[in-house]
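Visitor: need coordinates for the following:
(2 chains)
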Amino acid sequence: GAGVSQTPSNKVTEKGKYVELRCDPISGHTALYWYRQSLGQGPEFLIYFQGTGAADDSGLPNDRFFAVRPEGSVSTLKIQRTERGDSAVYLCASSRGQGLETQYFGPGTRLLVL
Amino acid sequence: AQSVSQHNHHVILSEAASLELGCNYSYGGTVNLFWYVQYPGQHLQLLLKYFSGDPLVKGIKGFEAEFIKSKFSFNLRKPSVQWSDTAEYFCAASGSARQLTFGSGTQLTVLP
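Guide: Have a look, this model is predicted:
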C-alpha cells in the first residue's frame, strides 16, 4: 500500500513569509507525528496527533509554528513569519496509534528560507 | 532530560568488514529502542526495534542490535557489510511518551 506522502518535496520562501507543509499518512493510521531535521542532526520531535487532536505539542519551538489535522487524516504544518533558522527538512510519520509500534516516515519537505 | 548519543559520526569500511555502531541513551523509566536507516535519496526506514524480551534483536538485511541495560547501550552490528549498506544510520528511543528521540546519526560508507 501507499506510504506516507508529503508535499511539496521542496519549498523555497523568503524571510517573513508564511508556509504550509502537508502530510498524508498511511490509510487507517490514527497517530501522526511531525519532526524537523537540521543539517547534520537527527530528527527532532515537533508535535504528535492522535486522531484530530494534538496529544503533545511540546516540541514546537515557538508560537510561529502550529499544526492541524481537522479530519484525523491529512495534517498541515504551518509556519508564520519564517526565519532563516527555520530552514530544515520537515518529516512526517504515522503509526496505527495502538501502543508500542513502529512509526513510518515520509520523504520529507525540504524548506529553505532565504 | 531524555537523550540519545551516537559517537561515531562517519564510519568507513571495506566490503566484508564487520560493523558495530554505538548508541547510548539516557532515559528515565521504560525505554523502547530503534535503529532507522536512510539510504541515499530515500526516506527513513526501520531496521529493527526493541520493546522487551530477548535483548538481542534481529532486523532486516542481516542487522542485529543488543540492548545492554547496565551500559545504557543499544549497539548495531552486522558481521559482513556490503556496498549497498552505505547509508546514514540513526538510533532512536521512546519512553512513556510516543515521540522518538533521535541521535545525530552515523554516516556509513562501504568501499567496494
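Visitor: gap between the residue lying closest to B:Ser26 once chain neighbours are set aside and chain A?
Guide: Nearest in space to B:Ser26, with sequence neighbours left out and distances taken as CB to CB, 6 or more residues apart in numbering or on different chains, is B:Ser3 at 4.7 Å. The C-beta positions use only the backbone N, C-alpha and C, and glycine is treated the same way. Counting by CB to the nearest CB, to the nearest Å, the gap from B:Ser3 to chain A is 11 Å.
Visitor: give the contact list for B:Ser3.
Guide: Residues near B:Ser3 by CB atoms under 8 Å, 6 or more residues apart in numbering or on different chains: B:25-26, B:101.
Visitor: if you set the cut-off to 10 Å instead, what comes out?
Guide: B:24-27, B:93, B:101-103 (CB atoms under 10 Å, 6 or more residues apart in numbering or on different chains).
Visitor: dump those residues to TSV, plus neighbour count, secondary structure and pLDDT.
Guide: Shown next, in TSV, are the contacts of B:Ser3 (neighbours: other CB atoms under 10 Å in any protein chain shown; DSSP: H, G, I helix; E, B strand; the rest coil; pLDDT from 0 to 100):
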residue	neighbour count	secondary structure	pLDDT
B:Asn24	18	strand	97
B:Tyr25	20	strand	95
B:Ser26	13	strand	92
B:Tyr27	18	coil	85
B:Ala93	23	strand	94
B:Thr101	22	strand	95
B:Phe102	23	strand	97
B:Gly103	24	coil	97
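Visitor: can you pull out the strands in chain B?
Guide: The residue ranges that make up the strands of chain B, judged by DSSP state E, are B:3-5, B:10-14, B:19-21, B:24-26, B:32-38, B:45-50, B:56-58, B:64-68, B:73-78, B:87-94, B:101-102, B:106-111.
Visitor: check contacts around B:Thr30.
Guide: Shown in contact with B:Thr30 (CB under 10 Å, 6+ apart): A:100, B:51-52, B:94-96.
Visitor: quick check: closest non-adjacent residue to the residue of chain B found nearest chain A.
Guide: Using CB to the nearest CB, the point where chain B gets nearest to chain A is B:Phe102, with a distance of 3.1 Å. Of all residues beyond its chain neighbours, the one nearest B:Phe102 is A:Gly42 (3.1 Å), with distances taken as CB to CB, 6+ apart.
Visitor: quick check, that neighbour in a strand?
Guide: No. When the secondary structure is assigned by DSSP: H, G, I helix; E, B strand; the rest coil, A:Gly42 falls in coil instead of a strand.
Visitor: hmm, A:Ala67 is touching A:Leu77, no?
Guide: Yes. With contact defined as CB atoms under 10 Å, A:Ala67 counts as touching A:Leu77 (4.6 Å).
Visitor: mutual contacts of the two, please.
Guide: With contacts defined as CB under 10 Å, 6+ apart, the residues shared by A:Ala67 and A:Leu77 are A:20-21, A:23, A:34, A:46-47, A:60, A:92.
Visitor: from A:Thr13, how far off is A:His29?
Guide: Distance, A:His29 to A:Thr13, using CB to CB, to the nearest Å: 29 Å.
Visitor: about what we covered before: which one, of the strands of chain B, ends up nearest to A:Gly72?
Guide: Minimum separation from A:Gly72 across the strands of chain B (CB to CB) falls at strand B:87-94, 22.0 Å.
Visitor: mind listing the strands the closest one pairs with, and their directions?
Guide: As defined by DSSP bridges, the strand partners of strand B:87-94 come to strand B:32-38 (antiparallel), strand B:101-102 (antiparallel), strand B:106-111 (antiparallel).
Visitor: understood, closing this out.
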